[in-house]
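**Q** prediction below, plus the sequence it came from.
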Amino acid sequence: MNSFKSIILVFVLVVLATSCHDKSVRNYQYMPNMYESVGYETYGEAAILPNQSEALVPPANTVNRGWLPYEIENSPEGKELARLQASPLDSINSEENLAKGGQLYTIYCAICHGDKGDGQGTLVKREKILGVPSYADPVRNVTVGTTYYTIHYGLNSMGSYASQMNTEEMWQVSEYVMQLKQDLTK
């Protein structure tokens, strides 16, 4: 009998607790900062942060991980300078570089340029993009340096892929493009 009374008491307390709930009013929050974060305005003042600013300048003479500065500027003269540039990747690991470059090429480039580099990708076949030339076109005079330059800065309707790939990956794709060019000109 005693357990029956305790069950009824618990049931009554649960009913009372839930009956007082109003859906138009927010419930109590144990740690409200976890649910509603404090928003800081960019370049605004924040007394709790160093230098009282939310946007901090990176330390002097530092470079982001996975990114190397590209010394050649985005201009026609820069593209001609890039034509003479060789790949900085280690030639001992050329098989690995070509394999990784092939995977990245399939992800980023083959949709327009085609799996073989013949300019017959899916988007070209569906006439969504026109004028994608083949790597074997002798007029283009494609080199590993100009390929990297084009991936880094973009050219015509092709945008830059510098934000999607790091420096090493862009060079791997450039070497793979040269392999495709070699296969097409045989």
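**A** Perfect, I can see it now.

**Q** wait, doesn't L130 sit right on V124?
**A** Yes - look at L130 against V124 with Cβ atoms under 8 Å: they come within range, at 7.1 Å. For every residue, glycine as well, the C-beta is placed using N, CA and C.

**Q** for P32, see how far away S157 is.
**A** According to Cβ to Cβ, to the nearest Å, S157 and P32 sit 50 Å apart.

**Q** mind checking how far stretch 87-97 is from the chain centre?
**A** Centroid displacement of stretch 87-97 relative to its chain, using Cα atoms, centre = their mean, to the nearest Å, is 23 Å.

**Q** quick one: average pLDDT of that stretch?
**A** In this model, stretch 87-97 has an average pLDDT of 86.

**Q** residues touching that stretch, excluding its own?
**A** Stretch 87-97 is contacted by residues V144, G145, Y148, E168, W171, Q172, S174, E175, Y176 when judged by Cβ atoms under 8 Å, 6 or more residues apart in numbering.

**Q** give me that answer again for 10 Å
**A** Contacts with stretch 87-97, where a contact means Cβ atoms under 10 Å, 6 or more residues apart in numbering, come from 68, 98-101, 143-145, 147-148, 167-169, 171-176, 178-179.

**Q** list buried members of those by neighbour count.
**A** Buried members of these, scored by 16 or more other Cβ atoms under 10 Å, are 98, 100-101, 143-145, 147-148, 167-169, 171-176, 178-179.

**Q** out of those, list just those in helices.
**A** Taking DSSP state H, the ones among the buried ones among the contacts of stretch 87-97 that sit in helices are 98, 100-101, 144-145, 147-148, 167-169, 171-176, 178-179.

**Q** looking at L130 and V124, which is more packed in?
**A** Taking neighbours as other Cβ atoms under 10 Å, L130 and V124 compare with V124 leading, 18 against 8.

**Q** test my guess that the more buried one contacts D115.
**A** No - with contact defined as Cβ atoms under 10 Å, V124 does not reach D115; the gap is 11.9 Å.

**Q** and whichever strand or helix holds E80, how far out from the chain's middle?
**A** Assessed by DSSP states H and E, E80 sits inside helix 76-83. Its chain's C-alpha centre and that of helix 76-83 lie 26 Å apart, by Cα atoms, centre = their mean.

**Q** again with stretch 3-17
**A** The answer for stretch 3-17 is 57 Å, by Cα atoms, centre = their mean.
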